[in-house]
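Student: With the input below, show me the fold.
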Amino acid sequence: MTLARLSLGLAEALDGDLEIEKTARAALMSSDLPDLARDTAPLPNAMLDVLQDPDAHPVCRDIAATPLPWAPPQTSDDPTYIAHSIHKLHVELIGPDGFLPSEQFRIGLYGFLPGVEYGIRTHAAEEVFVMLAGVGHWKSGDGAFNALGPGARAHHPSFTPHGTKSTDQAFMSIYVWRGDVSTDSYHYTAKTEL
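Tutor: Numbers count the residues shown, from 1 in each chain. The predicted structure is shown next:
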């Protein structure tokens, strides 16, 4: 499986009406990603299982079959953030740290293993997550956590406080940051409530 084919499948998952999705879809469809990733890492069984769920987006088969350098995200060097990221999986396809450099977007894959809490955070970039497999629990502002399954979206305008957690199953999503995609404004707290 090639990164180019994977990017086309992910572009199909970004089928919503939000402008951030439309522009990310266009970027993925016109991207010139390399054929293969380097320094790959296997997906844990809990993630492979959820990618094979009958209700998972069809691109999940491509995700499972594409060797990628899965690792915890590195958005912050805060020790609490690092400790809370151990059971998260991340690959940036397009962006400052991606296979295809961009200062306009960060587009990639983002998953949680079961039982992970990711506290409230804010950042300058507008952000959307589109769920591909499993169930993730998302909150925005002072709202409650909502369970979101495949096809659902969590949209966070610039500097909107938001949090995420998984319960008894893993989940996989595609994420997009647009605007100020640097991590300079990123702020994380260990709390799951404002």
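Student: ok, and what's touching stretch 177-193?
Tutor: Applying Cβ atoms under 8 Å, 6 or more residues apart in numbering, the contact partners of stretch 177-193 are 20, 23-24, 75-76, 78, 80-81, 84, 95-96, 102-107, 117, 119-127, 139, 145, 158-159, 163, 165. For the C-beta atoms, the positions are set from N, CA and C on the backbone; glycine is no exception.
Student: Can you list the buried residues in it?
Tutor: For stretch 177-193, burial by neighbour count (16 or more other Cβ atoms under 10 Å) applies to 177-178, 181, 183, 188-189.
Student: list the contacts for A41?
Tutor: Counting by Cβ under 8 Å, 6+ apart, A41 touches 68-71.
Student: Check those residues for burial and list the buried ones.
Tutor: Judged by 16+ other Cβ under 10 Å, buried ones among the contacts of A41: 68, 70.
Student: residue closest to the middle of the chain?
Tutor: For the chain, the residue nearest the mean C-alpha position is Y110 (2.9 Å; Cα atoms, centre = their mean).
Student: Skip the chain neighbours and tell me the closest residue to that one.
Tutor: Spatial nearest neighbour of Y110, chain neighbours left out: Y175 (4.7 Å); criterion: Cβ to Cβ, 6 or more residues apart in numbering.
Student: Am I right that that neighbour is in a strand?
Tutor: Yes: under DSSP: H, G, I helix; E, B strand; the rest coil, Y175 falls within a strand.
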